[in-house]
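Novice: pasting the structure only:
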């Protein structure tokens with residue numbers, strides 16, 4: 001599993017003169033075969049010295065269509081939730097269909113951005129379980145958290161498959177490090193996924209959850225690029241400027257439109 005899973009000199013102060021480039025539109029979309037998971041988040045990139053959250057786009061025209069002739073309109077934050085500025089949701093709940101190809105179209109003040117992805121079938125999790133990690137129990141990083149959650153599944157032979165994993169502790173996304181992204185391909189996952197551990201530990205009465213997303217090769221490349229960008233430690237004034245992750249968004253847009261089958265499993269630590 002990748003992280004991704006897998007992850008004496010004289011110094012003279014120098015004020016970098018960084019040319020300010022126009023902000024770009026950033027689109028983070030998710031469409032799955034599970035109802036109520038669909039959303040499109042639209043923001044604008046910020047300049048080098050900006051702090052705080054990126055500017056949100058609240059007036060875009062957003063539609064998703066499939067190769068069966070269906071079109072779904074997405075609307076900005078229909079519930080007016082204060083934490084959902086920049087998020088667009090479908091007018092009514094729906095689930096994507098495995099095998100269909102979905103196309104996203106976003107119009108931001110006349111600039112049109114498009115992306116297309118096919119919804120491919122994922123593999124089901126046979127089960128998840130938990131056990132005490134003896135080493136962690138002897139010296140826990142967090143008091144009481146020494147249970148590890150294990151995932152079991154079977155990865156099919158003779159197929160090229162790619163996966164993205166999300167882990168939850170009590171309904172909150174959990175990561176070992178803030179820059180971690182958990183993704184994998186066939187070469188990193190054995191045919192029998194026999195007790196792959198979650199990247200974080202749990203304590204008694206915690207609820208643990210795992211989401212396993214099927215993703216395309218293009219999405220795998222995007223997450224690989226993104227992980228490399230987030231974990232770039234080359235540093236130094238002569239290091240190359242990190243490039244943006246490769247994306248399926250047209251017209252110079254950033255981000256990614258992810259279309260996935262998702263398998264969900266959970267367990268209570270008792």
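Specialist: Received, thanks. Computed from a predicted structure; not experimentally measured.

Novice: Got the phi and psi for the residue lying closest to residue 159 once chain neighbours are set aside?
Specialist: If the residues on either side of it in the chain are set aside, residue 159 comes closest to residue 186, at 7.3 Å by Cβ to Cβ, 6 or more residues apart in numbering. To be clear about C-beta, it is placed using only N, CA and C from the backbone, and glycine gets the same treatment. The phi and psi values for residue 186, taken as degrees, to the nearest 10, are phi -60, psi -40.

Novice: what kind of secondary structure is residue 28 in?
Specialist: Reducing the assignment at residue 28 to three states with DSSP: H, G, I helix; E, B strand; the rest coil gives strand.

Novice: buried residues in the longest helix along the chain?
Specialist: The single longest helix within the chain, with elements called by DSSP state H, is helix 217-230. Of the residues in helix 217-230, those buried under the neighbour-count criterion (16 or more other Cβ atoms under 10 Å) are 218, 219, 220, 221, 222, 223, 224, 225, 226, 227.

Novice: what does the lowest-mean-pLDDT helix or strand in the chain contact?
Specialist: Counting by mean pLDDT, DSSP states H and E, the weakest-scoring helix or strand in the chain turns out to be strand 192-197, with a mean of 76. With Cβ atoms under 8 Å, 6 or more residues apart in numbering as the contact definition, strand 192-197 has outside contacts at 1, 129, 148, 149, 150, 151, 152, 153, 154, 155, 189.

Novice: Direction included, what does that strand pair against?
Specialist: Its sheet considered, strand 192-197 pairs with strand 147-154 (antiparallel) by DSSP bridges.

Novice: Now residue 225. Nearest residue, chain neighbours left out?
Specialist: Counting by Cβ to Cβ, 6+ apart, the residue nearest residue 225 is residue 245, at 3.5 Å.

Novice: Can you tell me how far residue 85 is from residue 27?
Specialist: Here residue 85 is placed at a distance of 15 Å from residue 27 (Cβ to Cβ, to the nearest Å).

Novice: thought residue 208 was touching residue 145?
Specialist: No: applying Cβ atoms under 8 Å as the test, residue 208 and residue 145 come out as separate, 11.2 Å apart.

Novice: Give the intersection of the neighbour lists for these two.
Specialist: Both residue 208 and residue 145 are contacted by residue 202, under the criterion Cβ under 8 Å, 6+ apart.

Novice: could the buried residues of helix 217-230 be laid out in CSV, adding distance to residue 258 and pLDDT?
Specialist: Shown next, in CSV, are the buried residues of helix 217-230 (distance: Cβ to Cβ, whole Å; pLDDT from 0 to 100):
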residue, distance to residue 258, pLDDT
218, 10, 96
219, 6, 96
220, 11, 95
221, 12, 96
222, 8, 96
223, 9, 95
224, 14, 93
225, 14, 93
226, 12, 93
227, 15, 92
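
Novice: Residue 151: what's it in contact with?
Specialist: Applying Cβ under 8 Å, 6+ apart, the residues near residue 151 are 125, 128, 193, 195, 196, 197, 198, 210, 212, 265.

Novice: Run a quick neighbour tally on the last one.
Specialist: Just to be clear, that refers to residue 265. When neighbours are defined as other Cβ atoms under 10 Å, residue 265 has 18 of them.
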